[in-house]
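In: Using only what follows, build the 3D model:
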Amino acid sequence: MDCIFCKIIAGDIPSAKVYEDDTMYAFRDINPEAPCHVLVIPKKHIASMDEINAENSGIVAKIYEKIPEIARLGGAENGYRVIANCGPDAGQTVFHLHFHILGGKTLPVHLCNE
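Out: Numbers count the residues shown, from 1 in each chain. Presented below is the predicted three-dimensional model:
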């Protein structure tokens, strides 16, 4: 597979690890948009949100359970935002499911501000 995130998980491409366990890997974004900008990826290759199903949804649940801890480890002390893009129209450029954790400053209001 020619997936950059799979290569990061395998250690073939260096990254600034924030957290790792048997299910997920979290690392700092190389082009951060906030003081805390961490990507959380499942170790199992899942291309996007569209591929979440009954067989792999437990992985996503574990990621969401761990996000508060990863956000704190990444430097988000006063709140954070979690973003997952799905498909090219949403801005997904790496087709391996990933969640952006952004925090460490007051974030601008975007489309979803409720």
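
In: use CA for all of it now, contacts and neighbours both
Out: OK.

In: which helix in the protein runs the most residues?
Out: helix 57-74 (DSSP state H).

In: can you pull the buried residues of the helix or strand just after it?
Out: Downstream of helix 57-74, the next assigned helix or strand under DSSP states H and E is strand 80-83. Of the residues in strand 80-83, 80, 82 count as buried by neighbour count, 16 or more other Cα atoms under 10 Å.

In: Return the list of helices and strands in contact with strand 80-83.
Out: Packing partners of strand 80-83 (3 or more Cα pairs under 8 Å, 6 or more residues apart in numbering; DSSP states H and E): strand 99-103.

In: Adjacent strands (with direction) for the strand it packs on?
Out: Looking at strand 99-103 with DSSP bridges, its partner strands are strand 36-42 (antiparallel), strand 80-83 (antiparallel).

In: Export those to a markdown table and append columns for mean pLDDT and distance to residue 59.
Out: Shown next, in a markdown table, are those (pLDDT from 0 to 100; distance: least, Cα to Cα, whole Å):
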| stretch | mean pLDDT | distance to residue 59 |
| --- | --- | --- |
| strand 36-42 | 98 | 7 |
| strand 80-83 | 96 | 16 |
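
In: any chance of the ones you listed in CSV, with distance to residue 102 too?
Out: Formatted as CSV, the strands paired with strand 99-103 follow (distance: least, Cα to Cα, whole Å):
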stretch, distance to residue 102
strand 36-42, 5
strand 80-83, 5
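
In: Out of those, flag the one nearest residue 96.
Out: Evaluated over the strands paired with strand 99-103, closeness to residue 96 peaks at strand 36-42, with 7.5 Å, by Cα to Cα.

In: Among the strands paired with strand 99-103, which comes closest to residue 95?
Out: strand 36-42 (11.0 Å).

In: how about that closest one: buried residues?
Out: 36-42.

In: which one of the residues you listed is nearest residue 66?
Out: residue 40 (9.7 Å).

In: That closest one contacts residue 21, correct?
Out: No - with contact defined as Cα atoms under 8 Å, residue 40 does not reach residue 21; the gap is 11.2 Å.
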